[in-house]
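okay, here's the prediction I keep looking at, along with the sequence it came from:
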Amino acid sequence: MSNSVKINYADYLSKFDYEERKNMKIQIPELLELLIKDEVQLVDIRFTEEYEAWHFPFTKNIPLNELPARLEELDRSKLVVTACPHYDRAIMGRMFLVVNGFKARYLTNGLLGLADFLRGDNAYEIMNFLNFKKVSND
C-alpha cells in the first residue's frame, strides 16, 4: 500500500487488509539484514532526552513530535523503520510516514527487544559488520 505518493488516511484504512497488517511490522532479524544491506533507515522516535540517555549508533533520532517538520531528513529510497522502547509511538510514526508517501514499517519488538537481542555475539557481529562497512565506504 505504501508508495511515494501522499495518501488520505481514510483511503488507507478502507484498503487495510491482512497483507497490510503483516507488512506494517518488521522483526529484528529482518531489520538487521536490511541494515547490513543499507536498505533501511532506522528512526528512533523517542524524545531527545530519552535518546541521549541511551541509543544505538545506527539509529537516527527524530522525536515523534518533530517528525512532521523533519520529513526531508529521511531517505525516500529506503524503507523507514520507526522504533521506540515498545512500539506504541513507533506505530504512530509509521502511520504518519505512510500517509506522507513513505515506505515504512515499525519494529515490533521495540528498542528494548533490540537491546536484548544485541548482546554478546549478536552485538559483536552486527557492530563489526556495520563498522567495517562504514570504514570501507569512507
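All right, it came through fine.

let's verify the residue nearest the centre of the chain: helix, strand, or coil?
By C-alpha atoms, centre = their mean, the chain has its centre lying nearest to Val81, at 1.7 Å. Following DSSP: H, G, I helix; E, B strand; the rest coil, Val81 is assigned to strand.

name whatever forms a beta bridge with it.
Beta bridges link Val81 to Leu42, Arg105 when assigned by DSSP bridges.

tell me the contacts of it?
By C-beta atoms under 8 Å, 6 or more residues apart in numbering, the residues touching Val81 are Ile26, Leu31, Leu34, Val40, Gln41, Leu42, Val43, Ala104, Arg105, Tyr106, Leu107. Every C-beta, even on glycine, is put in place using the N, C-alpha and C of the backbone.

ok, now Leu97?
Counting by C-beta under 8 Å, 6+ apart, the residues that Leu97 touches are Leu67, Leu71, Leu74, Val80, Thr82, Ala104.

what does Leu32 give?
If you count contacts by C-beta under 8 Å, 6+ apart, Leu32 has them with Ile126.

okay, and it sits in which element?
Element membership of Leu32 [criterion: DSSP states H and E] is helix 28-36.

got the buried residues for that helix?
Ile28, Leu31, Leu32, Leu34, Leu35 (16 or more other C-beta atoms under 10 Å).

okay, the first one and Asp17: tell me how far apart.
Spelled out, it's Ile28. Using C-beta to C-beta, to the nearest Å, Ile28 is found at 25 Å from Asp17.

can you check the fourth one too?
Distance of Leu34 to Asp17, given as C-beta to C-beta: 23 Å.
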